[in-house]
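*Asks:* based on what follows, work out the 3D shape:
(chains A and B)
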Amino acid sequence: MALTKAEIAEHLFLKVGLNKKDSKDLVESFFEEIRQSLEDGEQVKLSGFGNFDLREKAQRPGRNPKTGEDIPISARRVVTFRPGQKLKIRVENAGEES
Amino acid sequence: MTKSELIEQLAEQYPHIPFKDLETSVKELLEYMAQSLAKNERIEIRGFGSFSLHYRAPRLGRNPKTGDSVELEGKYVPHFKPGKELRDRVNIT
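*Replies:* Next up is the predicted model:
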């Protein structure tokens, strides 16, 4: 099972004591603020968790995998996530029973 | 934008929620996400993206100072895949 916005909202409702509507809205706004900052071209740094950075990719050759036709992949701006040191250490052994 | 700037943005949108509660909420939200990943449970936020773990196989590394080789154990690393809305909004060319 994957963690979703609904579960995060439920967690804030239980742990912080916000009402259900505020919890739900706040989770939505949290992710929207990050999207907006990135859309505006500004990186997002969440200490202890990681950074969302922007990278400019130049145009490169590509092809349609179905037809084999050559189609250039246009230049674009993409988001990359760089996990922080703390998060990296916490997940290192996540596959092992402990 | 830093975490504290994000909290300030939220404070403008939610003037009726005590600032302290907004700080706690953002901290809890990130902590909950980190805990989820630490259990190798993926996170799926529609329109934003998904977080999961990728496995890195054991390998021989080197001590950059001495040049000695060291055995590095296999490990998991966090991975983020941006969702469609985020990809599209960021890619203004």
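
*Asks:* the closest residue to residue B:54 other than its chain neighbours pairs with what?
*Replies:* Distance criterion C-beta to C-beta, 6 or more residues apart in numbering or on different chains; nearest residue to residue B:54, sequence neighbours excluded, is residue B:79 at 4.6 Å. C-betas here are computed from N, CA, C, even on glycine. Judged by DSSP bridges, the bridge partners of residue B:79 are residue B:52.

*Asks:* OK, contacts around the residue of chain B found nearest chain A?
*Replies:* Using C-beta to the nearest C-beta, residue B:80 is the residue of chain B that sits closest to chain A, at 3.3 Å. The contact partners of residue B:80, by C-beta atoms under 8 Å, 6 or more residues apart in numbering or on different chains, come to A:50, A:52, A:79, A:80, A:81, B:49, B:50, B:51.

*Asks:* a strand runs through the third one, doesn't it?
*Replies:* So that's residue A:79. Yes. Assessed with DSSP: H, G, I helix; E, B strand; the rest coil, residue A:79 lies in a strand.

*Asks:* what's the burial count for it?
*Replies:* Residue A:79 has 25 neighbours, counted by other C-beta atoms under 10 Å in any protein chain shown.

*Asks:* distance of it relative to chain B?
*Replies:* For residue A:79, the distance to chain B equals 5 Å [C-beta to the nearest C-beta, to the nearest Å].

*Asks:* who does that residue bridge with?
*Replies:* Note on residue A:79: beta-bridge partners by DSSP bridges are residue A:54.

*Asks:* that one and residue B:87 touch, don't they?
*Replies:* Yes. Using C-beta atoms under 8 Å, residue A:79 is in contact with residue B:87, at 7.3 Å.

*Asks:* one step back: which of the contacts of residue B:80 sits closest to residue B:20?
*Replies:* Nearest to residue B:20 out of the contacts of residue B:80 is residue A:50 (C-beta to C-beta; 24.5 Å).

*Asks:* the closest one and residue A:60: what is the separation?
*Replies:* Going from residue A:50 to residue A:60 by C-beta to C-beta, to the nearest Å gives 27 Å.

*Asks:* is the longest helix seen in chain B positioned near chain A?
*Replies:* The residue-count maximum for a helix in chain B (DSSP state H) belongs to helix B:19-38. Yes. Judged by C-beta under 8 Å from any C-beta of the partner chain, helix B:19-38 comes into contact with chain A through B:21-22, B:24-26, B:28-30, B:32-34, B:36-38.

*Asks:* and that helix, what does it pack against?
*Replies:* For helix B:19-38, the packing partners by 3 or more C-beta pairs under 8 Å, 6 or more residues apart in numbering or on different chains; DSSP states H and E come out as helix A:5-15, helix A:20-39, helix A:85-91, helix B:3-13, strand B:43-45, strand B:49-56.

*Asks:* so, low pLDDT: which residues of chain A?
*Replies:* A:95-98 (pLDDT under 70).
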